[in-house]
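the sequence and its predicted three-dimensional model are supplied below.
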Amino acid sequence: MNFDRFRLNRFFVLTLVAAAGIFAALWFQGSATAPGAGDETLTVYIPRGAPFAQVVSILEQNGLVRSRLFFRALGYFYNAPRQIKAGEYEFTRAMTPGEILRKLVDGDVKKHPVVVPEGFTVRKIAARLAAEGLVEEKEFLRLAGDRNVLAGLDIPGPSAEGFLFPDTYRFDRGMDAAAILQKMAAQFHLKVTAEMKTTAEAQGFTLVQWVTLASIIEKETGLKSEMPLVAAVFRNRLKRKMPLQSDPTVIYGIEHFDGNLTRRHLERQNPYNSYLNRGLPPGPICSPGLDALQAALNPAPVTYLYFVSRNDGSHHFSETLPEHSRAVRKYQINRKSSGN
């Protein structure tokens, strides 16, 4: 009986010693830095659905794992294999295996800042995202015109144009085009308040019409101080049922525009030609910022019907056609004839 008790105690002691050894090894592996420890940053991509063994191999190939066996043991001890998130990660060789595992489990992926300025079109947004390696340009544009996708994003139109809010975003390469669209559309609905939408409706605008007017204002002037004046011109024209005669709308309707707007363009029919068609064009022509959206709802209390560029970023506003014609001669025709 005493002998059996001795064997049992001896087994218990040996088990504790073995467990202590395992824990010591795991602790060492979890706290020791990788070989060649330093501040060098390594970018590593973990594919979606990659098994834990593949993840360890990728890390080992990048010199981030000292011992494949102990790293796997550490991972299984902390139940990491089922929790690792796919994506693009940044590691340094100075990081411990425990820190590497924690980053993978937390999904602390590399973020790419993308600036979408006011006035960008969907095509320009797609091109910028593609240049960053975040989306396939054609796929992004396809989704931006997919009615089922748009319905899910609460965008009431045939295109995402105007509803991808201009802002500075941080996207990761684990996001697909649909997820990026969702984030940008969500930012629009966050910035555009229910009160603003109610005001637009009270003024007789649908959401699409309001955003369309704001997008034209955005394209016509880069000066915040001028936006209420430009808004007043277009709203005065709408009230009088006059054509808006906005060059940016015509340009938007021209495929492969080369940067030179001619009289032939102004005389060619397309749905966005606001010289030939009265009222607002069928949809937004870019992504307007908050200033333009606010200006569309709060036009300046003026009776201007015309404006012309002063060629310094600002505009001259006029109430009558004769006054406007004089301003055109002063700022455009005379300038061209003098070669300035």
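That came through, no problem. The model shown is predicted, which means the values in this text are computed figures rather than measured ones.

please enumerate the helices of the stretch 151-300 of the chain.
Ranges of helices within the stretch 151-300 of the chain are 177-191, 194-202, 207-220, 227-239, 247-252, 263-267, 290-297, based on DSSP state H, counting those that start in this stretch.

would you mark the buried spots in the fourth one?
Judged by neighbour count (16 or more other C-beta atoms under 10 Å), helix 227-239 contains these buried residues: 227, 228, 229, 230, 231, 232, 233, 234, 235, 236, 237, 238. All C-beta atoms are positioned from the backbone trio N, CA, C, and that covers glycine.

now for that helix, which elements pack on it?
helix 207-220, helix 290-297, strand 306-309, strand 315-318 (3 or more C-beta pairs under 8 Å, 6 or more residues apart in numbering; DSSP states H and E).

contact partners of the host helix or strand of residue 55?
In this assignment (DSSP states H and E), residue 55 forms part of helix 52-61. Residues outside helix 52-61 that contact it (C-beta atoms under 8 Å, 6 or more residues apart in numbering) are 44-47, 50, 65, 68, 71-72, 75-76, 80-81, 84, 100, 104.

tell me what the next helix or strand after that helix is packed against?
Note on helix 52-61: by DSSP H and E, the next helix or strand toward the C-terminus is helix 68-77. Judged by 3+ C-beta pairs under 8 Å, 6+ apart, helix 68-77 is in contact with helix 2-31, helix 52-61, helix 97-106.

okay, the helix or strand just after helix 68-77 in CSV with CA atoms only?
Downstream of helix 68-77, the first helix or strand assigned by DSSP H and E is strand 87-92. C-alpha atoms of strand 87-92 as CSV (Å, rounded to 0.1, in the frame of the first residue of the first chain):
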residue,chain,number,x,y,z
GLY,A,87,-4.7,39.9,-44.2
GLU,A,88,-1.5,41.9,-44.7
TYR,A,89,0.6,42.3,-41.5
GLU,A,90,3.7,44.3,-40.5
PHE,A,91,6.1,42.6,-38.2
THR,A,92,9.6,43.4,-36.9
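
residue 252 and residue 222, how far apart?
In this view, residue 252 and residue 222 are 17 Å apart by C-beta to C-beta, to the nearest Å.

neighbour-wise, which of those two wins?
residue 252 (24 against 13; other C-beta atoms under 10 Å).

tell me, how many neighbours does residue 304 end up with?
The number of residues packed near residue 304 is 22, by other C-beta under 10 Å.

try the one 3 residues further on
Using other C-beta under 10 Å, residue 307 is surrounded by 21 other residues.

what's it in contact with, if anything?
Applying C-beta under 8 Å, 6+ apart, we find residue 307 in contact with 220, 229, 230, 233, 315, 316, 317, 318, 324.

burial of residue 259, as a residue count?
Look at residue 259: counted by other C-beta under 10 Å, it has 5 neighbours.

wait, residue 125
Neighbour count of residue 125, defined by other C-beta under 10 Å: 27.

run through who's touching the helix or strand where it lies.
Using DSSP H and E, residue 125 maps to helix 122-131. The contact list for helix 122-131 (C-beta under 8 Å, 6+ apart) reads 114, 116, 120, 135-137, 140-141, 144, 159-161, 164, 171, 177, 180, 184, 287.

go on, stretch 189-201?
With contact meaning C-beta under 8 Å, 6+ apart, stretch 189-201 is reached by 154, 165, 206, 207, 209, 210, 290, 293, 294, 296, 297.

between those, which sits nearest residue 331?
residue 296 (25.4 Å; C-beta to C-beta).

hmm, back to that, so which of the contacts of stretch 189-201 would you say is closest to residue 275?
residue 209 (19.2 Å).

so what pLDDT did that closest one get?
pLDDT recorded at residue 209 is 98.

number of nearby residues for the residue nearest to it when sequence neighbours are not counted?
In space, and not counting its chain neighbours, residue 209 is closest to residue 280: 5.6 Å by C-beta to C-beta, 6 or more residues apart in numbering. Number of residues near residue 280 (other C-beta under 10 Å) recorded here: 23.

with residue 66 instead?
16.

and residue 138, by the same measure?
11.

so which residues make contact with the helix or strand it falls within?
Assessed by DSSP H and E, residue 138 sits inside helix 137-144. For helix 137-144, contacts defined as C-beta under 8 Å, 6+ apart pick out 122-123, 125-127, 129-130, 149-150, 159-161, 164, 177-178, 180-181.
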